Structure formats: C-alpha cells, structure tokens
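Asker: heads up, no residue letters with this:
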C-alpha cells in the first residue's frame with residue numbers, strides 16, 4: 001500500500017481505489033483514534049449520511065474508510081495566488097457558483113445530521129471537508145463529542161477562544177461558528193483575514209480579533225448575512241441553519257448514499273486485507289504492525 005496523507009495524529013494509506021486505512025501515528029494518538037471509532041459506531045447505529053465519510057471496517061489501531069478525494073483547503077489553495085514572503089492571499093480563481101452552493105448545503109447538512117443524533121463534530125474546518133465527485137463530505141471525527149461537552153481545543157478561525165481561554169461547550173454556537181468560517185472560505189476563496197497581513201505577530205492578532213468579535217466586513221447579500229449570523233451564534237440549532245441554507249440553495253443534486261451491497265463488498269475487502277497480514281494479533285501494539293505492513297506494501 002502507498003502512503004496517501006500524513007495528518008497531525010494519523011497516517012492514511014491507500015488500500016485500493018476505493019478504500020484508505022487510517023492508523024494513529026504514535027501511541028499518544030491512540031485515544032483520539034479510538035474516540036473516532038466510537039463516533040463511527042454511533043453514526044452507523046443511527047443510519048449513514050451521504051455527507052459524512054463512511055467507515056467500512058474497524059479493528060484495533062486501524063480504521064478502513066471510503067476514499068473521498070482532496071480536502072477543501074487544498075482545493076482552495078490551488079486557486080490562490082499568495083505573496084511568497086507573507087503568504088497573504090493576493091487573488092483567487094473562483095469555483096463555479098453551482099458547486100459552491102451545493103457544498104454549502106452538503107456541509108451544513110452533514111453537521112445538522114450529527115446534531116440530530118446528539119453529536120458535535122468539534123473540529124469543523126476546511127481541512128476536514130473533502131470533495132469527491134463534486135460532493136462534499138465531512139471527515140475526521142477524532143475530536144467529536146456529545147452536544148454539551150467542553151471543547152478542549154480549537155483551530156482559529158473556525159473556533160473562537162473565549163477570554164477565559166476555553167472554546168466553550170460543543171453545540172449549535174460552536175458548530176455554526178465553524179460553519180460560518182467555512183461559508184466565508186467558500187465565498188471568498190480563502191480563510192478570514194488571509195487577504196491581510198498584520199506583521200510578524202499575525203496569528204496572535206487574528207486570535208485577538210476573533211475574541212473581540214472583530215470579523216471581516218461583508219456585503220449585505222443573503223449569504224453574507226448567513227455568515228454573520230453564524231459568527232454571532234444567531235441560529236438556535238444547526239438544523240435551522242441548514243434549513244435556511246437549503247432555502248437559499250434551492251434544488252440541488254445531493255450526494256448519493258452508498259448502497260448496502262457496495263458497503264458489504266468493501267467491508268469484505270477490508271476483512272481480507274486484515275486476514276492476509278495487515279494486522280498482527282500477536283503484536284501487543286497493532287498500530288506498529290499496521291504502519292510497518294503499510295510501508296512494506
């Protein structure tokens with residue numbers, strides 16, 4: 001197998017054209033990996049959603065996922081021209097409006113469905129959305145928690161740190177704040193304030209601006225109003241936010257839901273890979289066995 005991507009806490013290997021294997025990078029990442037597997041258990045027990053990446057099979061220290069394409073952040077960066085010194089965005093090439101509108105509806109739809117089953121993603125950002133065959137899917141549930149749980153960490157500008165240093169309780173306010181920033185990225189082609197440069201202390205100033213609720217000035221169009229409402233936490237639930245976005249989006253062609261026959265076939269391929277030596281039950285640290293086997297393949 002070939003290495004597909006290195007994340008902050010995981011390595012992802014390609015099993016074939018349809019399946020990737022996610023493995024924690026170190027023992028320190030095992031807890032987050034296990035937490036994500038628990039979330040997949042909840043998702044599957046509550047019926048799958050087409051805009052959440054599917055897990056076909058899970059064993060200790062390895063999660064088999066559907067291959068779902070490039071992440072949204074990489075796609076946006078491909079359309080940006082940046083200052084080579086400061087990395088400030090100078091210009092962008094826009095994606096077609098019909099795609100942008102579809103992605104807005106699909107991302108908010110996946111988040112709304114999670115809320116419906118009592119979950120908050122906890123780390124919604126452009127890096128954790130992938131685009132596959134023109135459709136958006138939310139990935140990476142390692143920091144997902146039940147609604148009402150404290151958020152331990154966050155990533156600006158998709159999370160807003162309070163003056164006390166926390167990121168608040170997971171729920172409609174935190175999730176719609178993240179969605180507001182994603183909507184901004186889709187509208188502008190870059191993250192909030194990436195078209196500006198505050199000097200060498202840019203990141204700290206960005207955090208301060210978000211703490212003070214100093215957001216980029218937007219026009220008065222319907223989508224811009226939604227973004228401002230998200231940043232202000234004005235939607236009672238993410239489900240109501242999604243309903244509003246759907247009303248603006250109009251009729252769109254939604255992502256197809258994987259049929260059970262395909263899921264069963266993919267799961268059988270995953271089990272076969274495990275049986276053929278991708279895992280070593282004799283090894284007390286299966287994570288090491290996976291990483292070694294994946295690198296050899």
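Answerer: Perfect, I can see it now. Just so it is clear, the model here is predicted, and its values are computed rather than measured. Numbers count the residues shown, from 1 in each chain.
Asker: residue ranges of the strands in the chain, please?
Answerer: 2-6, 10-14, 19-24, 55-59, 62-66, 70-71, 80-82, 89-92, 119-120, 129-132, 135-138, 145-146 (DSSP state E).
Asker: any chance of the ones you listed in a markdown table, with distance to residue 40 too?
Answerer: The way it works is simple: take the backbone N, C-alpha and C, and place the C-beta from them, glycine included. Shown next, in a markdown table, are those (distance: least, CB to CB, whole Å):
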| stretch | distance to residue 40 |
| --- | --- |
| strand 2-6 | 19 |
| strand 10-14 | 14 |
| strand 19-24 | 11 |
| strand 55-59 | 4 |
| strand 62-66 | 7 |
| strand 70-71 | 19 |
| strand 80-82 | 33 |
| strand 89-92 | 35 |
| strand 119-120 | 11 |
| strand 129-132 | 16 |
| strand 135-138 | 12 |
| strand 145-146 | 14 |
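Asker: Turn the ones you listed into CSV, including mean pLDDT.
Answerer: Shown next, in CSV, are the strands of the chain (pLDDT from 0 to 100):
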stretch, mean pLDDT
strand 2-6, 73
strand 10-14, 89
strand 19-24, 94
strand 55-59, 96
strand 62-66, 96
strand 70-71, 93
strand 80-82, 98
strand 89-92, 98
strand 119-120, 98
strand 129-132, 96
strand 135-138, 98
strand 145-146, 96
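Asker: what's the single longest helix in this structure?
Answerer: Identified as the longest helix of the chain according to DSSP state H is helix 97-116.
Asker: what comes up buried for that helix?
Answerer: Using 16 or more other CB atoms under 10 Å as the test for burial, helix 97-116 gives 99-115.
Asker: try stretch 120-133
Answerer: Under the neighbour-count criterion of 16+ other CB under 10 Å, stretch 120-133 has 120, 121, 122, 123, 124, 125, 126, 127, 128, 129, 130, 131 buried.
Asker: Of the strands of the chain, which is nearest residue 246?
Answerer: Residue 246 sits nearest to strand 135-138 of all the strands of the chain, at 14.0 Å, using CB to CB.
Asker: I'd like to check what contacts the closest one. Which residues are they?
Answerer: In this structure, residues lying in contact with strand 135-138 by CB atoms under 8 Å, 6 or more residues apart in numbering are 50-53, 68, 72, 102-103, 106-107, 110-111, 114, 121, 124, 128-131, 254-255.
Asker: now do stretch 2-19
Answerer: Residues from elsewhere that reach stretch 2-19 (CB under 8 Å, 6+ apart): 1, 20-25, 28-29, 32-33, 56, 64-67, 140, 142, 266, 269-270, 273, 291, 294-295, 297.
Asker: Pull the contacting residues for the residue nearest the centre of the chain.
Answerer: The residue lying closest to the centre of the chain (CA atoms, centre = their mean) is residue 128, at 2.2 Å. Residues in contact with residue 128, defined by CB under 8 Å, 6+ apart, are 71, 121, 138, 139, 140.
Asker: what about the third one, how many residues close to it?
Answerer: In other words, residue 138. Residues lying near residue 138 (other CB atoms under 10 Å) number 24.
Asker: Any figure for the gap between the closest residue to it other than its chain neighbours and residue 207?
Answerer: By the measure of CB to CB, 6 or more residues apart in numbering, the closest residue to residue 138 outside its immediate chain neighbours is residue 110, 4.4 Å from it. Computed as CB to CB, to the nearest Å, the residue 110 to residue 207 distance reads 27 Å.
Asker: hang on, the earlier thing: of all the strands of the chain, which one is nearest residue 172?
Answerer: Residue 172 sits nearest to strand 119-120 of all the strands of the chain, at 8.5 Å, using CB to CB.
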